[in-house]
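Novice: what follows is a predicted structure for the sequence shown.
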Amino acid sequence: MSAAFKFCPQCATALEHITLAEDGGDKTRLRCPACDFTHWNNPTPVLAAVIEYNGQILLARNAAWPGKMYALITGFMEAGETPEEGIAREISEETNLSTSALKLLGAYDFQRMNQVIIAYHAVCHGDVKLSPELVDYRLYNFEDVKCWPAGTGYALAEFLRSRGHEPVFIDPVWRQDAEKLAT
């Protein structure tokens with residue numbers, strides 16, 4: 001349940017965890033006891049791209065991330081655009097690259113962030129110029145890139161398998177940091 005969503009957007013009453021019968025059985029959700037508003041807390045669709053650039057895979061590092069973690073280009077769709085238009089826009093905004101081909105890889109569960117990842121293979125061209133939200137990028141040969149065991153990492157693994165490479169998974173920075181805190 002969303003901890004940040006505390007008040008009804010219709011009447012400003014404090015939301016409560018209320019169990020009601022729904023299709024499929026009883027479901028506890030944040031609901032308004034005054035006007036019956038329900039906060040559905042459905043997963044957010046997020047777009048991602050395995051960028052093939054000059055025969056290699058481009059991964060980027062977000063300025064807000066700890067450590068040396070590199071990942072796929074991702075972003076949210078804008079109202080009125082298709083997923084294909086959205087990921088091409090995100091690629092352009094974040095890397096300055098043009099997309100000449102897109103192929104859907106699949107949809108991937110990312111419950112830790114309450115998201116569903118819609119991932120594409122994107123063939124891109126141009127000169128890389130990163131947006132301010134990215135601080136670095138690296139190019140990897142297909143056989144050298146490592147996957148992480150979550151959302152976009154599974155999309156990258158599927159792309160590698162489609163190209164005849166068995167993916168190698170690593171423990172991501174957030175797991176290593178969590179293990180250090182637990183000891």
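Specialist: Sure thing, it's come through.

Novice: not counting its neighbours along the chain, what's nearest the residue located most distally from the centre of the chain?
Specialist: Largest separation from the mean C-alpha position in the chain: Ala34, at 35.2 Å (C-alpha atoms, centre = their mean). Nearest residue to Ala34, sequence neighbours excluded (C-beta to C-beta, 6 or more residues apart in numbering): Thr13, at 4.1 Å. Bear in mind the C-beta positions are built from the backbone N, C-alpha and C, glycine included.

Novice: I'd assumed Asp36 was in contact with the one you found.
Specialist: No: using C-beta atoms under 8 Å, Thr13 is not in contact with Asp36; the gap is 10.5 Å.

Novice: who touches Tyr120 in this structure?
Specialist: Counting by C-beta atoms under 8 Å, 6 or more residues apart in numbering, Tyr120 touches Leu47, Ala48, Ala49, Val50, Pro83, Glu84, Ile87, Leu102, Lys103, Leu104, Leu105.

Novice: can I get the helix or strand containing the fourth one in PDB, CA atoms only?
Specialist: I take that to be Val50. In the assignment (DSSP states H and E), Val50 maps to strand 44-53. Extracted in PDB, the C-alpha atoms of strand 44-53 (Å, rounded to 0.1, in the frame of the first residue of the first chain):
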ATOM      1  CA  THR A  44       2.900   2.100 -13.000                       C
ATOM      2  CA  PRO A  45       4.000   1.300 -16.600                       C
ATOM      3  CA  VAL A  46       7.600   2.200 -17.200                       C
ATOM      4  CA  LEU A  47       9.400   2.100 -20.600                       C
ATOM      5  CA  ALA A  48      12.900   0.700 -21.000                       C
ATOM      6  CA  ALA A  49      15.300   0.200 -23.900                       C
ATOM      7  CA  VAL A  50      18.100  -2.100 -24.600                       C
ATOM      8  CA  ILE A  51      20.000   0.300 -26.800                       C
ATOM      9  CA  GLU A  52      22.100  -1.200 -29.500                       C
ATOM     10  CA  TYR A  53      24.600   1.500 -30.500                       C
END
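
Novice: which helices and strands sit right next to it?
Specialist: Packing partners of strand 44-53 (3 or more C-beta pairs under 8 Å, 6 or more residues apart in numbering; DSSP states H and E): strand 56-62, strand 73-75, helix 83-95, strand 115-125, helix 151-162.

Novice: what about 10 Å?
Specialist: Packing partners of strand 44-53 (3 or more C-beta pairs under 10 Å, 6 or more residues apart in numbering; DSSP states H and E): strand 56-62, strand 73-75, helix 83-95, strand 98-110, strand 115-125, strand 134-140, helix 151-162.

Novice: for Arg29, which of these is the nearest?
Specialist: With C-beta to C-beta, the closest approach to Arg29 among those belongs to strand 115-125: 18.5 Å.

Novice: since that was my last question, I'll sign off now.
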